[in-house]
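Peer 1: Need a 3D model of the following:
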Amino acid sequence: MTTQIFHDSDADRSHQMKWWVSRTAIYAVLILWAFLCLFPIYWTATTSFKLAADVMKGAMVPWVDYTPAWKGWESLGLSPATIGQESTVRAEFLKRFWNSAAVALSASALAVALGSLAAYGLTRFSYRFLWLKNDDILFFFLSQLILPPVVLALPFLVLYKELALLDTRIGLILLYTLTVLPIVIWIMKDQFSTIPTELEEAALVDGLSIWGAFLTIILPIALPGMVAAFILSLVLTWNEYFFAALLTSTHANTIPVMVASQTGSQGISWWSMAALSFAAILPLIVIGIGLERYIIKGMAAGAVK
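Peer 2: Numbering: from 1, shown residues only. Now for the predicted structure:
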């Protein structure tokens with residue numbers, strides 16, 4: 001009896017040791033992954049407060065191996081000493097910031113709206129166009145992601161010139177919507193596939209139309225997927241550089257074009273580029289944190305339903 005208790009105690013101790021080792025390994029990997037993901041943001045934020053010498057020396061820890069200064073933010077007119085003064089650079093930054101915000105938000109919202117309708121149709125109805133069926137149509141949308149953007153440069157340049165859409169926000173909104181639409185359709189197709197069709201059938205029996213069932217029953221459940229698609233579309237359109245540099249020149253320039261302009265014949269203004277980059281990604285960080293909570297809440301609500 002005593003031997004049995006001794007063996008049980010050893011087994012419990014061994015099981016507990018394995019549990020602690022596995023948990024420690026998991027947390028070590030997560031901490032390493034978090035460090036790798038957050039370090040670029042930390043480097044960008046700290047570089048915006050460095051002088052040229054501190055940037056070249058590779059100083060990393062403020063108040064330890066360098067003294068923070070407002071070098072990068074002064075170049076944008078956003079430091080405490082310059083915020084109350086007139087600044088052409090700050091005016092240009094704000095103009096491009098609002099261009100990026102208007103274009104990215106509008107294109108993402110439009111892509112989510114159109115992509116959700118397309119994905120719902122491909123999930124709930126059977127289509128046939130010539131030899132193309134639902135899966136073929138879905139693959140056609142996804143295949144657009146394979147095409148390199150540079151291939152579309154000349155056709156879009158000629159088309160936008162003929163349509164007078166060069167250097168306009170509406171031109172970028174339409175193009176960005178087409179760019180992220182396949183991704184939205186892909187995400188929402190999977191989202192709608194997990195929702196039972198019995199919910200719509202019950203709604204139709206209760207007297208709702210197809211649109212009524214879609215808007216009142218399906219959309220609230222699919223909202224987490226729509227938010228995830230919106231966030232991904234927002235990140236992609238906010239950071240897009242190639243078409244923004246190609247199709248705009250004065251009125252519709254965006255933040256990524258301004259960031260790239262910090263390189264010149266005298267080298268790269270790392271402090272200015274870092275300040276611009278951090279100011280550009282800060283809204284995305286805030287939106288991501290805010291909508292992440294909403295995604296979790298929506299997933300919990302959908303699971304309850």
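
Peer 1: Grab the nearest non-local neighbour of the residue nearest the centre of the chain.
Peer 2: In the chain, the centroid-proximal residue (C-alpha atoms, centre = their mean) is residue 235; its distance is 2.6 Å. Distances taken as C-beta to C-beta, 6 or more residues apart in numbering put residue 284 closest to residue 235, at 6.1 Å, once the chain neighbours are dropped. All C-beta atoms are positioned from the backbone trio N, CA, C, and that covers glycine.

Peer 1: Work out for me the element that neighbour sits within.
Peer 2: Counting by DSSP states H and E, the element that carries residue 284 is helix 270-304.

Peer 1: re the thing from before, contacts only, for the residue nearest to residue 235.
Peer 2: Listed by C-beta atoms under 8 Å, 6 or more residues apart in numbering, the contact set of residue 284 reads 234, 235, 238.

Peer 1: Restricted to helices, list the residues you listed.
Peer 2: Using DSSP state H, 234, 235, 238 are the members of those that sit in helices.

Peer 1: now, which of the residues you listed sits nearest residue 248?
Peer 2: Distance to residue 248 across the ones in helices among the contacts of residue 284 (C-beta to C-beta) is lowest for residue 238, with 14.7 Å.

Peer 1: Is that closest one in contact with residue 102, as I believe?
Peer 2: No - contact criterion C-beta atoms under 8 Å: residue 238 and residue 102 do not qualify, at 11.1 Å.

Peer 1: So what's the residue count around residue 220?
Peer 2: Number of residues near residue 220 (other C-beta atoms under 10 Å) recorded here: 13.

Peer 1: Quickly find the element holding it.
Peer 2: Assessed by DSSP H and E, residue 220 sits inside helix 219-239.

Peer 1: between residue 238 and residue 102, who's got more neighbours?
Peer 2: Shown here are residue 238 and residue 102; by other C-beta under 10 Å, residue 238 has more neighbours (23 against 16).

Peer 1: still on that earlier bit, tabulate the ones in helices among the contacts of residue 284 in JSON lines, adding columns for pLDDT and distance to residue 61.
Peer 2: JSON lines is the format used below for the ones in helices among the contacts of residue 284 (pLDDT from 0 to 100; distance: C-beta to C-beta, whole Å):
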{"residue": "234", "pLDDT": "92", "distance to residue 61": "32"}
{"residue": "235", "pLDDT": "90", "distance to residue 61": "29"}
{"residue": "238", "pLDDT": "93", "distance to residue 61": "30"}
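
Peer 1: Would you mark the buried spots in stretch 167-178?
Peer 2: By 16 or more other C-beta atoms under 10 Å, the buried positions in stretch 167-178 come out as 168, 169, 171, 172, 173, 174, 175, 176, 177, 178.

Peer 1: And the second one, how far from residue 108?
Peer 2: With distances taken as C-beta to C-beta, to the nearest Å, residue 169 is found 14 Å from residue 108.

Peer 1: Next: the fifth one.
Peer 2: Here residue 173 is placed at a distance of 10 Å from residue 108 (C-beta to C-beta).

Peer 1: Show the average pLDDT along the one helix or strand residue 110 maps to.
Peer 2: Assigned by DSSP H and E, residue 110 belongs to helix 88-124. Average pLDDT, helix 88-124: 92.

Peer 1: Name the next helix or strand downstream of it, please.
Peer 2: That would be, after helix 88-124 and using DSSP H and E, helix 134-143.

Peer 1: got the angle between that following helix and helix 88-124?
Peer 2: With axes from the mean of the first three to the mean of the last three C-alpha atoms, to 10 degrees defining the directions, helix 134-143 sits at 170 degrees from helix 88-124.

Peer 1: so what secondary structure elements neighbour helix 134-143?
Peer 2: The helices and strands touching helix 134-143, judged by 3 or more C-beta pairs under 8 Å, 6 or more residues apart in numbering; DSSP states H and E, are helix 88-124, helix 169-193.

Peer 1: Look at residue 207 and tell me its secondary structure.
Peer 2: Under DSSP: H, G, I helix; E, B strand; the rest coil, residue 207 falls in the coil class.

Peer 1: Residue 167 now?
Peer 2: Per three-state DSSP, residue 167 ends up coil.
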